[in-house]
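Undergrad: Show me the folded form of this:
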Amino acid sequence: MEIYIVTLIVCLFLSVFAYQSVYVERLGVCDYEKLNDKYKKLFILIAVFMLLIVGLRADIIGIDTLNYKDTYLNFEYYDFSLLKKYKWYEEPGYAFVNLLFNKFGLSWQVYAVFMASLFIIPIMVLIFKNKINCFWAITIFIMSGLWTFSMSTMRQVAAIGITVIAFLFEDKKKNFWSLVFIFIASLFHVSAMLALLYFIVRKIPVTKNRFLCWFGVGFLIVVIGIGPLRNVLVGVMISFGRDYQVDSATGGLLKEVYFILTLCVGWVCGTDKDDRYWKYYKAIFLSAVLLPIIRINPTLFRVYMYFSIYEVVFVPMMLSNIKHNKFKIIGYIGYGVTYTYLFFSQSMVSSLKLIPYKFFWS
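TA: Next comes the predicted model:
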């Protein structure tokens, strides 16, 4: 655990150092594209470092690491005919990767690095392609616990990463390939079909003022979702996981407050002409709507992360949109304090069974 903490701190401070040297010293006068190209090697170094830490972690780190390792080793005794027994919603993609790596005689650690890469690499590509404050985005990715999430649940983080690839295609208006990758993601974890909701919402044109109506609709959906539809949603959500325990006391209310405050600040900072900005804003909006509805079980609770993962690019974009430097600095300090508290209260002092979203439980 000590080695994990040391490597986590080193990775964090690499990111913070890069952010300070690249952006803070040039606040308001930086050319993001040129700076990103200049520091591309450092960006790649941090990404590789993060990937190796997750992939080569000790077996005792992560909620289900030992279970995933046992599952991988057990696949040694099967061949590809086993896939015939799987229906599309029973994670045949996950089974296929296990079988494939076993047939090539690859070790558990190689497999773990590959599974981590399905999550980390797409997110790092997303961060780099968005150009704005890349190293601040990496810092958020590390400090918020999203990075360590990949140490706990290999199937779902792979699915989340593949949906990120899907929306990279959607950004290029390649809708067919976007839908294909959403389907591929669902072969690793059926909950990835939730990405279809985001796919549809991204297509809806919106203006800043029109989003005020969205807030009303979102509030109505939440009221219905935690009321008359609760029992229906319990049945649907249980199909997303293997832990059938239902606990209506599952937390998350502080995270909901965080999303609402981010939506408020984001709405003020947004402009009608920035379509990309509103695409990521919609992801935070969906997170805020979905989270209180799915407060059913800690295992199922995390499906909102299909949307909230985009906070790593939205928050830097939002803060860069603030025109007045004083307010911009206040924004950086506010989010910096939030992420610093999360990092030092959870990532460094949590048990070996890392639950990065536990910080926000009430």
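Undergrad: Can you give me the neighbour number for P122?
TA: 22 (other Cβ atoms under 10 Å). From N, CA and C alone the C-beta is placed, and that goes for glycine too.
Undergrad: what helices or strands is the helix or strand where it lies leaning on?
TA: Take DSSP states H and E as the rule and P122 turns out to sit in helix 108-130. With contacts defined as 3 or more Cβ pairs under 8 Å, 6 or more residues apart in numbering; DSSP states H and E, helix 108-130 has these neighbours: helix 40-55, helix 65-74, helix 92-103, helix 134-143, helix 154-171, helix 311-320.
Undergrad: So which bits of whatever helix or strand F285 lives in are buried?
TA: According to DSSP H and E, F285 maps onto helix 275-293. Buried residues in helix 275-293, counted by 16 or more other Cβ atoms under 10 Å: 277-293.
Undergrad: and if you look at stretch 85-96?
TA: 91-96.
Undergrad: Could you do stretch 190-206 as well?
TA: 190-196, 198-199, 201-202, 206.
Undergrad: again with stretch 261-270
TA: 262-263, 265-267, 269-270.
Undergrad: follow-up on the earlier one: deepest in the core, which of the helices and strands packed on helix 108-130 is it.
TA: helix 134-143 (a mean of 26; mean count of other Cβ atoms under 10 Å).
Undergrad: In terms of secondary structure, what does it contact?
TA: Packed next to helix 134-143, using 3+ Cβ pairs under 8 Å, 6+ apart, are helix 2-22, helix 40-55, helix 108-130, helix 311-320, helix 325-342.
Undergrad: same thing but at 7 Å, please
TA: In terms of contacts (3 or more Cβ pairs under 7 Å, 6 or more residues apart in numbering; DSSP states H and E), helix 134-143 is packed against helix 2-22, helix 108-130, helix 311-320, helix 325-342.
Undergrad: circling back to that earlier point, which outside residues touch the helix holding F285?
TA: When contacts are defined by Cβ atoms under 7 Å, 6 or more residues apart in numbering, helix 275-293 is touched by residues 197-198, 201-202, 206, 214, 218, 221-222, 225-226, 233, 252, 255-256, 259-260, 262-263, 266, 270, 304, 307-308, 310-311, 313-314, 317.
Undergrad: Go again with 6 Å.
TA: Here helix 275-293 makes contact (Cβ atoms under 6 Å, 6 or more residues apart in numbering) with 201-202, 206, 218, 221-222, 225-226, 252, 256, 259-260, 262-263, 266, 270, 304, 307-308, 310, 313-314, 317.
Undergrad: Repeat that for stretch 196-207.
TA: Residues contacting stretch 196-207 (Cβ under 6 Å, 6+ apart): 272, 278-279, 282.
Undergrad: quick one: it to chain centroid distance?
TA: A distance of 19 Å separates the centroid of the chain from that of stretch 196-207, by Cα atoms, centre = their mean, to the nearest Å.
Undergrad: of the helices and strands packed on helix 108-130, which approaches I333 most closely?
TA: Closest to I333 of those is helix 311-320 (Cβ to Cβ; 10.5 Å).
Undergrad: so how far is the closest one off the chain centroid?
TA: Worked out by Cα atoms, centre = their mean, helix 311-320 lies 14 Å from the chain centre.
Undergrad: sorry, back to before: closest one to L82 among the helices and strands packed on helix 134-143?
TA: helix 108-130 (16.8 Å).
Undergrad: mind listing what's buried in the closest one?
TA: Buried-residue list, helix 108-130, by 16+ other Cβ under 10 Å: 108, 111-124, 126-128, 130.
Undergrad: Grab the nearest non-local neighbour of V313.
TA: With sequence-adjacent residues excluded and distances taken as Cβ to Cβ, 6 or more residues apart in numbering, V313 is closest to N130, at 4.7 Å.
Undergrad: how near is the one you found to V201?
TA: Applying Cβ to Cβ, to the nearest Å, the value for N130 to V201 is 19 Å.
Undergrad: got any ranges where the stretch 1-150 of the chain has weak pLDDT?
TA: 1-10, 12-14, 16-36, 60, 88 (pLDDT under 70).
Undergrad: redo that, cut-off 90
TA: 1-95, 102-109, 112, 128-150 (pLDDT under 90).
Undergrad: my guess is S186 meets V180, correct?
TA: No: with contact defined as Cβ atoms under 6 Å, S186 does not count as touching V180 (10.9 Å).
Undergrad: Settle it for me: which of those two has more neighbours?
TA: The residue with more neighbours, out of S186 and V180, is S186; 23 against 14, by other Cβ under 10 Å.
Undergrad: Now do the same contact list for that one.
TA: 192-193.
Undergrad: oh, and call the first residue 393 from now on, that's how I've got it
TA: Renumbered: residue one is now 393, and that last one reads S578.
Undergrad: what's the distance between the nearest residue to H581 once chain neighbours are set aside and Y696?
TA: Spatial nearest neighbour of H581, chain neighbours left out: A551 (3.9 Å); criterion: Cβ to Cβ, 6+ apart. As judged by Cβ to Cβ, A551 and Y696 stand 14 Å apart.
Undergrad: And for Y470?
TA: In terms of Cβ to Cβ, Y470 sits 34 Å off from Y696.
Undergrad: So between the two, which is more surrounded?
TA: Y696 (25 against 15).
Undergrad: Next, the contact list for that one, please.
TA: Per Cβ under 6 Å, 6+ apart, neighbours of Y696: 679, 682-683.
Undergrad: ok, now how distant is it from L711?
TA: Y696 is 22 Å from L711, by Cβ to Cβ.
Undergrad: How about D451?
TA: Taken as Cβ to Cβ, the span from D451 to L711 is 39 Å.
Undergrad: follow-up on the earlier one: could you dump the helices and strands packed on helix 500-522 into CSV and include distance to G723?
TA: Putting the helices and strands packed on helix 500-522 into CSV (distance: least, Cβ to Cβ, whole Å) gives the following:
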stretch, distance to G723
helix 432-447, 23
helix 457-466, 37
helix 484-495, 40
helix 526-535, 11
helix 546-563, 25
helix 703-712, 5
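Undergrad: Understood, closing this out.
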